[in-house]
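# just coords:
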């Protein structure tokens, strides 16, 4: 611990609690001093400070000690009174204002970093005016009646030698009623030692007269108490001093006159000696004397046990009297005041032990008397004494706290004292490194007066800063509090200063409300002072305040615009956060050999296009092999950097986001670009000489659009305007179109907010995480490279569009579309190729389709050639469509080509179409280009068609087909038009006439079931010797035949789409006999479509690979007369039957027919098991169920109908088992016979066929393992009616 | 507790990861930043105290005028309020998509905290 006297508080106490000397002087004395620009006191005060006065002192104890430092305070008599509070306030305000002015130049600089702040020492960092301010505050509480250290210990009377009758003047000065009221009314002791000073102005002549007066004075007032001082000995008025002793005492140098200019070295020495003598020979001995005298007196009346009891009793007795709100008043002669004076004198003479004991003594008295102010004052002094003694910190603190709160308790009259006490207290804590507590004290001092509070809070904040560890957050917070109060008192500069300090703490904080508050206010204050640069800089920080309420956002934005408008300039701000640039949506789209028909095509992933274009575009290896043929291969730099073509726009997608809740308008959004005419190589060549290089660069950098005068000969920029609603995110497309070859660099984007402020965003620096649209190939490159483009000579560029491609469409919809290609340039292109990613949906048509009527051209032509089918399918299989050679297009003429479109399957479909073309200009760097088109469409389910095919039980090679059509749409109604089976070998017919189909339209949700008979012509061809080769009946009309003929399913586009459907089902071109393909064609009349009213839409539904195969490889057929008449009276009836068995499998099989002579009554057939189904047009129900060869149902029925008693009405005659072999795909006829005994109707189903494959097992395994190698089939119901012959 | 309250969760490096004004009285415009200032400044005290005590709940460690700051230090009122919010916070931490230390934006968390505030404060 340092010596308490050397701490700040120690020095303060030395200054403030020191003996007061009352000065009385005549006006002439003052006049002489004024010549030096000083008042009398000012002239003397530098010499009242003694750093080493070295006077021996002996107070109450017998042990003398030496006093080193000493100070006298001089006051005119008129000043010895309690200062006027209002005047004091005014002075303090001036001090602050003055200090604020001095700080101004620093305000524009950046706020200090917190690290540097922490590194600086306290004394350096604290504003110097704090001390002065604190001193003024302390001074405001001086000359209180409850304290004694402001009581004058001596009186200095000064009379000029020019005064008439100086000796009388001395008497008059003290006797006049001008003495301070405090002395007159008895609060202070007026019997103080006097000292007489005769001031002689050497400019007024020689000092003989003065010497004479001095002699006279000495005889009157005593030899020791009189002194003569001569001043103004330097005649010329230019007395220079090595050091100006007055510099630190005059705080407001209001005039230029050199202080003390008429005082020469002798004068100053004389003044110094005079004051030294006054102190050491008069004042200190007098004080010693008084201490000893008072001590004796106090000991006599108050010390000792007896006195204490007496005092206590006496005080108790006084309690009955009326309570004076200010407590009792004590005159200087009262014992209480005497003790206090004794304490204060001891304190001033550094005898703290003595002071403390007296303060303690009086403290209890005051407390008992409820003299709170006196009590607080004594407590305060006790605390200070403890401190100076450097003992019992706790007691010291307790006393100070007690004093402080007591002062506050007594109300406004104690306020000044409370402030002073608080200041001392805080200093005491600071001296002991209890900065945190000191801050708390400062915080408590800050009272109602906002200006004082501001200063106190600022001091508190510094305490937090210098506490260990530093409490930076508290520091910042209290600075902000203080700044707010400064602002309240219109001390804007101070407010800015404190906020700047706070900024060094809060800079970059995540506490957004704090950051916004600090930046916004400091910005506003800077604007108030006219420092608009700083104002805007701070305002910028708060603009993107999405977390604030809407009104706050509006306030921020409005104030920001006001600041900007006030400057009248257009600012370019690189940190403007309104709107925010959405980095993730940043994309660059440029076209080299890849061109895009639409922006959606550009957003498709590159590898999708790559896979599509793989076999269209000449591959890299191909290019390498014939590099000799190529006059120009791409130079290295072309491959390494992005290439774009002059005259073609580079599109940059930038996402803007409005973080606010209020709409903002942005105008003049454009890119910032730089264009270099020379290539990179040239620049690097030029770097051999630095100066040259720089010149080169400057000359090359012809147009930087940063200045508004963009040279439009180099490139064009697009400009757009947008309004962003609150919270809205918008992506805008900006373009730059280079006009001549060279290098183009996209630097950033600029925009204008509300027409006032220009915002800049530099892509390179602002977006480290980049996203450029191009493929992986480039991803390893830096952003810088990605935004640099090599501009090459202009090339032809095809533009393409597919007209009328629907967005939403029902499945099966078949349309003719038109592809339109344009080449705006003069150079023609050739060798056009097209590839579609999904040929199920889209295909190129023949050119002549263009001119035909649409639905009609699909219909069967009389002269339709079947050969075209093969051509079509073979062509479409390669999936690349080569346009005819003569299709080189150039100029304005559009090139049209028809396309077939069919919505093959429901769902969301993306169609990618790439069109490859070559540039005829051989000098071009890029030889070919591709046009990429992308369309999305939604295919809705329409008709769902399903087929069930089962062999017809009654006919060989005939099948029953059940078609179920479900309309899955919500509203559309369809008209089924035609069902066709694909291929040569099938013939299809309705089971019943058209009229039986009860509907015109298939409404939404409706189900239609139809039954068809399907014949295999090929089988019949072989069997029936080509009877019906000409009458092809592959198509069936289903509707009412109101519209034209059949649609030709064997010609393009239906056959082509059918081909792709088959491909899609992954059965490839395997001509399988056991499957059949159907095409259902339906129509709808779209009255709803406004574009083509009353037009007909054609839908084709393809169902492929419907299996006709049953599990069993054998088919058989019973043949016999159905009705037999026989005369049973003669004999039983023998009926011959023949069974034709056909082997439909590809293997040889062996078949055995087993007849079962069991019971089947006539009646048993009368109740066939009811089969579910209300299907229209279906009659042969039991057949359907019987076809299920493995039928459990049938077996059960047979079993049930068995009755053991009954005798079989017929028996199978002949062998009960017949076995034979059948070659593959062959038939055999087996004769059978039954014997019938009574007339009736008989069901001949009680037989079964057993088959097994004969082929070698390994072959079978290879073919189809799923097929069983043997099986048993139950007989079909077959009815014979036998009648009694008449 | 007073009529107005502000609840802030702070992660390391002073980053507030969750804030909620849970007062009943309609707050003044400047209440938000005032509360932030007070709570932010109180962190200095917390920093001091966290080393001297093992208690997680520090009641009324700091005050500014009539506003009292209580702190619950999780691996650093009503202690139960803080405890339940701590549980919520741990649940949030378990979310694999939540980056520890970043701002909590979950609306579920927000409603839960406000419900707890109504219950306890």
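That came through, no problem. All values derive from a computational prediction rather than experimental measurement.
# so where do the helices sit in chain B?
B:31-50, B:79-94, B:107-120 (DSSP state H).
# ranking those helices by burial, who's on top?
helix B:31-50 (a mean of 21; mean count of other CB atoms under 10 Å in any protein chain shown). All C-beta spots, glycine's among them, are computed from the backbone N, C-alpha and C.
# For chain A, tell me whether it is touching it.
Yes. Contact of helix B:31-50 with chain A is found when judged by CB under 8 Å from any CB of the partner chain, involving B:32-33, B:35-38, B:40-45, B:47-48.
# Let me know the pLDDT of the residue lying farthest from the centre of chain B.
What lies farthest from the middle of chain B is residue B:96; by CA atoms, centre = their mean that is 22.8 Å. pLDDT, residue B:96: 80.
# Over to residue B:55?
69.
# now swap in residue A:1071 and tell me
Confidence score, pLDDT, at residue A:1071: 50.
# what's the answer for residue A:120, then?
So residue A:120 comes in at 70 (pLDDT).
# Would you mind listing where the stretch 101-250 of chain A has pLDDT under the threshold?
By pLDDT under 70, the weakly predicted segments of the stretch 101-250 of chain A are A:103-112, A:114, A:121-124, A:176-178, A:184-187, A:235-250.
# could you pull out the strands for it?
In the stretch 101-250 of chain A, the strands defined using DSSP state E, counting those that start in this stretch lie at A:152-160, A:194-201, A:226-231.
# can you tell which of these is closest to chain B?
strand A:152-160 (43.7 Å; CB to the nearest CB).
# on that earlier part again, can you add distance to residue A:467 and give the strands of the stretch 101-250 of chain A back as JSON lines?
As requested, the strands of the stretch 101-250 of chain A are exported to JSON lines (distance: least, CB to CB, whole Å):
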{"stretch": "strand A:152-160", "distance to residue A:467": "40"}
{"stretch": "strand A:194-201", "distance to residue A:467": "48"}
{"stretch": "strand A:226-231", "distance to residue A:467": "50"}
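# Just send those strands back as JSON lines, with distance to residue A:416 and mean neighbour count too.
Listed next are those as JSON lines, based on distance: least, CB to CB, whole Å; neighbours: other CB atoms under 10 Å in any protein chain shown:
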{"stretch": "strand A:152-160", "distance to residue A:416": "20", "mean neighbour count": "24"}
{"stretch": "strand A:194-201", "distance to residue A:416": "31", "mean neighbour count": "24"}
{"stretch": "strand A:226-231", "distance to residue A:416": "36", "mean neighbour count": "21"}
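# Any residues of chain A in contact with chain B? List them.
A:464, A:469, A:471-474, A:476-478, A:480, A:509-511, A:513-514, A:516-517, A:549, A:551-552.
# switch the cut-off to 6 Å
A:471, A:473-474, A:477, A:510-511, A:513-514, A:517 (CB under 6 Å from any CB of the partner chain).
# Minimum pLDDT in those, which residue is that?
residue A:510 (78).
# how far away is it from residue A:726?
Separation of residue A:510 from residue A:726 (CB to CB, to the nearest Å): 23 Å.
# could you list every residue that touches residue B:62?
B:42, B:45, B:69 (CB atoms under 6 Å, 6 or more residues apart in numbering or on different chains).
# Which strand residues bridge it?
residue B:69 (DSSP bridges).
# Repeat that for residue A:226.
residue A:196.
# and it, how far is that from residue A:145?
For residue A:226, the distance to residue A:145 - CB to CB - is 33 Å.
# And residue A:1061, by the same measure?
115 Å.
# what does stretch A:343-362 rub up against?
Counting by CB under 6 Å, 6+ apart, residues outside stretch A:343-362 touching it are A:18-19, A:57, A:59-60, A:148-149, A:287, A:291, A:336, A:339-340, A:342, A:378, A:381-382, A:385, A:388-389.
# What about those residues, which are in strands?
residue A:57 (DSSP state E).
# Mark which of the contacts of stretch A:343-362 are buried, thanks.
Among the contacts of stretch A:343-362, those classed as buried by neighbour count (16 or more other CB atoms under 10 Å in any protein chain shown) are A:18-19, A:57, A:59-60, A:148-149, A:287, A:291, A:336, A:339-340, A:342, A:378, A:381-382, A:385, A:388.
# Between the contacts of residue B:62, which sits nearest residue A:827?
Using CB to CB, residue B:42 is the member of the contacts of residue B:62 that sits closest to residue A:827, with 75.1 Å.
# I'd like to check which residues are in contact with the closest one.
B:62, B:69.
# Near chain A, which residues of chain B? Just list them.
So chain B meets chain A at B:15-16, B:32-33, B:36-37, B:40-41, B:43-44 (CB under 6 Å from any CB).
# Just give me the least confident of the residues you listed.
Among these, residue B:32 has the weakest pLDDT, 70.
# I'd like to know how many residues surround the nearest residue to that residue once chain neighbours are set aside.
In space, residue B:32 comes closest to residue A:513 once its chain neighbours are excluded; the distance is 4.8 Å by CB to CB, 6 or more residues apart in numbering or on different chains. Counted by other CB atoms under 10 Å in any protein chain shown, the residues lying close to residue A:513 total 23.
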